[in-house]
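> how does the following fold in three dimensions:
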Amino acid sequence: MKYKLVAFWLVVFGALFAFLQTRFEYHFYYIEQSQLFLFTEAYIRNKLLLPGGFSMLVAEFLVQFFIRPYVGALVTAALLTGVGVCTAGIVKRIGPVSGLFILYVLPMLALLFMHFDFNYRVQGTVCYLMMMALLCGYMRIRNDLFRLVAGCVLVTVLFWLAGSIAVLFAGMVCLFEGLRKTPKWYISLIWVAEVLLLGVGTVYFSLMGEYRWVFGPDLYYHNTLHPKEIIYYSWICLPLVFLVAFFIRNKNSLSGKKWRAGISCIVQLAMIGAVLWWGMPKYSDAKTLRLKKLDYFARTEQWDKTIEECKGKLTN
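Numbering: from 1, shown residues only. Below you'll find the predicted structure:
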């Protein structure tokens with residue numbers, strides 16, 4: 001069974017990498033210049049003093065290598081696959097129903113669409129993966145008291161390392177405890193109060209300027225702009241995944257019979273295809289890909305390729 005899981009995620013990673021590299025190679029070259037990383041003590045120290053500064057450093061460190069061929073697609077595919085793996089672990093802790101892989105893929109798709117936005121920071125996906133990994137580890141703690149104490153500590157740590165994603169983490173652990181009907185589960189509401197207090201304190205002491213940066217995913221977008229609604233989809237679909245996994249936990253496995261498993265697989269693949277068919281034209285910003293390609297050729301002084309690419313109809 002483990003070999004099948006490894007093979008499944010390798011296929012997902014390979015498909016993501018091939019898709020991103022073939023369709024959006026020059027997009028990654030283009031966004032490399034939008035984020036600056038300075039490997040100096042002062043720069044790193046100043047970042048670490050802010051909530052979410054650690055995750056920003058990690059993201060900026062990764063993005064600086066996007067100018068290299070294959071690196072942008074490789075890093076993005078790895079981050080998204082990591083989110084999928086953690087989601088699978090979480091779903092199986094809630095309701096061990098096999099075969100429903102669409103639940104693992106939905107958060108990945110929501111984040112994938114955001115990566116096509118020039119103003120989106122890779123920090124958002126790094127933070128989401130950090131949150132999912134901590135949530136997956138939290139759910140594996142069997143002792144109720146120890147788990148409650150760990151949750152209190154993790155909310156503070158995650159808020160300082162990754163920023164506003166701690167709000168989603170606090171909400172998910174409360175939902176998890178409530179669904180499991182843990183004795184005195186309502187104590188977990190303290191974590192929501194904790195993250196709200198941290199957010200208010202952050203704004204009050206001017207560590208961040210707006211509440212939308214400490215309580216929502218706007219932190220992971222260009223700070224002078226307001227993001228499109230798609231940035232909230234990955235936050236919305238996670239509690240939906242929780243609820244679906246919980247309500248089908250007592251159902252029979254979808255992989256019980258070959259014909260039923262085959263139909264289920266086809267239906268889920270069709271649903272994923274439908275989401276891509278709907279989302280790609282809307283969020284991929286395909287009309288700018290040629291401009292990004294020209295920008296890369298100009299930056300790398302490949303003038304012959306620049307001239308060749310300009311043959312034919314130009315709209316910019």
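> shaky segments in the stretch 101-250 of the chain?
250 (pLDDT under 70).
> quick one, helices of it?
Under the criterion DSSP state H, counting those that start in this stretch, helices of the stretch 101-250 of the chain are mapped to 102-114, 123-139, 144-162, 165-180, 189-204, 211-215, 233-247.
> model confidence for T40, exactly?
T40 is assigned 87 on the pLDDT scale.
> likewise the one 3 residues further on?
According to the model's per-residue confidence, Y43 sits at a pLDDT of 89.
> now the angle between helix 144-162 and the host helix or strand of it, please.
Here Y43 is covered by helix 41-48, with elements defined by DSSP states H and E. Following axes from the mean of the first three to the mean of the last three Cα atoms, to 10 degrees, one obtains 130 degrees for the angle between helix 41-48 and helix 144-162.
> from the contact counts, what lies against the helix or strand following helix 41-48?
Reading on from helix 41-48 to the C-terminus, the next helix or strand found by DSSP H and E is helix 53-63. Using 3 or more Cβ pairs under 8 Å, 6 or more residues apart in numbering; DSSP states H and E as the contact test, the elements touching helix 53-63 are helix 41-48, helix 123-139, helix 144-162. To be clear about C-beta, it is placed using only N, CA and C from the backbone, and glycine gets the same treatment.
> beyond helix 53-63, next helix or strand please.
Trace forward from helix 53-63 with DSSP H and E and the next one is helix 71-94.
> going by neighbour count, list what's buried in that following helix.
71-77, 79-91, 93-94 (16 or more other Cβ atoms under 10 Å).
> one more: stretch 46-56?
For stretch 46-56, by 16+ other Cβ under 10 Å, it's 47, 51-56.
> just put the helices of the stretch 101-250 of the chain in JSON lines and tack on distance to K287 and mean neighbour count.
JSON lines is the format used below for those (distance: least, Cβ to Cβ, whole Å; neighbours: other Cβ atoms under 10 Å):
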{"stretch": "helix 102-114", "distance to K287": "16", "mean neighbour count": "22"}
{"stretch": "helix 123-139", "distance to K287": "23", "mean neighbour count": "23"}
{"stretch": "helix 144-162", "distance to K287": "33", "mean neighbour count": "18"}
{"stretch": "helix 165-180", "distance to K287": "31", "mean neighbour count": "22"}
{"stretch": "helix 189-204", "distance to K287": "37", "mean neighbour count": "16"}
{"stretch": "helix 211-215", "distance to K287": "29", "mean neighbour count": "19"}
{"stretch": "helix 233-247", "distance to K287": "22", "mean neighbour count": "18"}
